[in-house]
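[1] Predicted model and sequence follow; I will ask about them next.
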Amino acid sequence: MPDLSAYINFTVQFDYTQNKFVLTDTGTYPGGVANDLIGIFDITHPDRITEDGAWTSPDISWTGSVLTTGLRELRRNAQNKPQCGTYTFKYTIDHPGYTPTVLTKTVNFQYIPVTGAITKSFDVFTPQLRAIDNVNYNIGGYTIGSTARSWVATVGTVGTVTGSTSTLDLAISSVYYDAAYTIALSTTVVYNNSGDTWVSIKDAIASTLTTQANTPPDTCSLLAYLTTIKQRADDLAASCQPYEAAKKAYEYAANLYFHILERLKAGSTTGVIDYVNEFLTIYYNAAPTYINTNTAINPYVFCYAVAAGDITKFYVTMSATAASYTNATFSGKTILMTATEGMVLRDTDISLSGSTVSKTNAGDEFVAGTWYLFLLKEN
């Protein structure tokens, strides 16, 4: 009888998501032959242990419509890492009308999984909180066949956020929260061997990040802290204590304070939270501690100590496109002028009720990500 050597073929996937070899018969057999075909694999690992197949429980058989895919145990090394080295796969098929046929393939398997990494992009002033997949999934000798991401972020006591893209927006119902964040990412990657094209790898790369998003103190609080720092220096001067160090601390804190204000007014928020934490370290004489509130982070408030009749400026970046914006800062004030991107809005476009300012024209909205300036008069 003839054999099936002209038709037999197979692929192997090293599937580390389930620690299995996925064995697929890819032969192109004459019509009807596959219906009565069975096959087994004998697999020799780099540690020279051979695991034979069994004809009583074949790896490959006919299901009534297709040949099955075989699953065999994939052993890791003693460190629970992929076992690298030479693998030999001996595939034997049997059919009543043909002589048993054998196809053997060998691969020098080398694979070191990439390391997971999540980068946070936290702007607590605008606000805008994101987690970014910062992994380079490329490995030598392979091309990427597919990637599938699965994010799960726990936002304090508020809830969870899920996603499947390379960047995860951490808003819950368009709101960012002052909270502790536990962020996990699992990316399932399929790699195709560039040389031995019958070999592929499937693996899940895990990444985790634990961090916080803390609401920064408003400018009124920062100014009060700066006043306290100055008073400390003055008190030391009066009591002949080490005055120069306290004076330098005040001068540095003052520079930080004004730099924070100018950066935020210019809409340049990147890294400003580090300035704020440095300022607070001077105030507390230690790295600041913070207890998260699990409440919404509002756009940053530029507030100033004012009396009745005083006029103040209030800058804000809208977090979402909406016809109205609510902030306690507006309570008890009158809006004298509103401007955005150098354009003054007409009085008839804006109304204020309590602490909510609204666009009055139908279909007109405050635009997310746009800076607005409100000139306010204290009632």
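    Cool, got the structure.
[2] switch to C-alpha atoms for all contacts and neighbour counts from now on
    Will do.
[3] Quick one: find the helix or strand in the protein with the lowest mean pLDDT.
    Lowest on mean pLDDT, DSSP states H and E among the helices and strands of the chain sits strand 343-345, with a mean of 70.
[4] Helix or strand next in line after it, which one?
    strand 350-353 (DSSP states H and E).
[5] residues making contact with the helix or strand that that following strand is followed by?
    Heading C-terminal from strand 350-353, the first helix or strand you meet, by DSSP H and E, is strand 356-359. Among residues not part of strand 356-359, those counted as contacts by CA atoms under 8 Å, 6 or more residues apart in numbering are 323-327, 330-331, 349-352, 365-366.
[6] now Ala54, what's its secondary structure?
    What DSSP: H, G, I helix; E, B strand; the rest coil gives for Ala54 is coil.
[7] Enumerate the beta-bridge partners assigned to Ile172.
    Val175 (DSSP bridges).
[8] Wait, it touches Val161, no?
    Yes: if you go by CA atoms under 8 Å, Ile172 and Val161 touch, sitting 6.9 Å apart.
[9] next one: stretch 258-273 to chain centre, how far?
    Taking CA atoms, centre = their mean, to the nearest Å, one finds stretch 258-273 lying 24 Å from the centre of the chain it belongs to.
[10] For the stretch 1-150 of the chain, which segments are assigned as strands?
    10-15, 20-25, 38-44, 50-51, 70-73, 85-95, 98-109, 118-123, 128-133, 142-155 (DSSP state E, counting those that start in this stretch).
[11] These: which one's closest to Gly267?
    Gly267 lies closest to strand 118-123 among the strands of the stretch 1-150 of the chain, at 11.1 Å (CA to CA).
[12] got the angle for that closest one vs strand 128-133?
    170 degrees (axes from the mean of the first three to the mean of the last three CA atoms, to 10 degrees).
[13] For strand 118-123, which strands pair with it and how are they oriented?
    When DSSP bridges is applied, strand 118-123 pairs with strand 128-133 (antiparallel).
[14] tell me the contacts of Tyr225?
    Tyr283.
[15] The nearest residue to Leu373 once chain neighbours are set aside: helix or strand, and which one exactly?
    Excluding its sequence neighbours, the residue lying closest to Leu373 (CA to CA, 6 or more residues apart in numbering) is Tyr315, at 4.7 Å. Under the criterion of DSSP H and E, Tyr315 resides in strand 311-317.
[16] elements contacting the helix ranked longest in the chain?
    In the chain, with assignment by DSSP state H, the single longest helix is helix 243-265. Contacts defined by 3 or more CA pairs under 8 Å, 6 or more residues apart in numbering; DSSP states H and E place helix 243-265 against helix 219-238, helix 272-284.
[17] would you list the ones you listed in a markdown table and tack on mean pLDDT and distance to Thr88?
    Shown next, in a markdown table, are the helices and strands packed on helix 243-265 (pLDDT from 0 to 100; distance: least, CA to CA, whole Å):
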| stretch | mean pLDDT | distance to Thr88 |
| --- | --- | --- |
| helix 219-238 | 88 | 69 |
| helix 272-284 | 95 | 56 |
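[18] Throw those into JSON lines and include distance to Ile112, thanks.
    As requested, the helices and strands packed on helix 243-265 are exported to JSON lines (distance: least, CA to CA, whole Å):
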{"stretch": "helix 219-238", "distance to Ile112": "50"}
{"stretch": "helix 272-284", "distance to Ile112": "36"}
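[19] Which one of these lies nearest to Phe109?
    Closest among the helices and strands packed on helix 243-265, using CA to CA: helix 272-284, at 46.2 Å.
[20] tell me which residues in that closest one are buried?
    272-273, 276, 278-280, 282-283 (16 or more other CA atoms under 10 Å).
[21] And the pLDDT at Lys105?
    At Lys105, the predicted lDDT confidence score is 98.
[22] If it is in a bridge, with which residues?
    Beta-bridge pairing for Lys105 (DSSP bridges): Phe89.
[23] Now Thr126: closest residue in space that isn't a chain neighbour?
    Closest to Thr126 by CA to CA, 6+ apart is Pro299, at 5.1 Å.
[24] that older thread, which stretch among the strands of the stretch 1-150 of the chain approaches Ala224 most closely?
    It is, among these and with distance given as CA to CA, strand 118-123, at 23.5 Å.
[25] Poorly predicted segments of the stretch 251-379 of the chain, please.
    303-312, 341-342, 344, 346-348, 362-363 (pLDDT under 70).
[26] Nearest the geometric middle of this protein, what residue?
    Nearest to the geometric centre of the chain sits Ala131, at 2.8 Å (CA atoms, centre = their mean).
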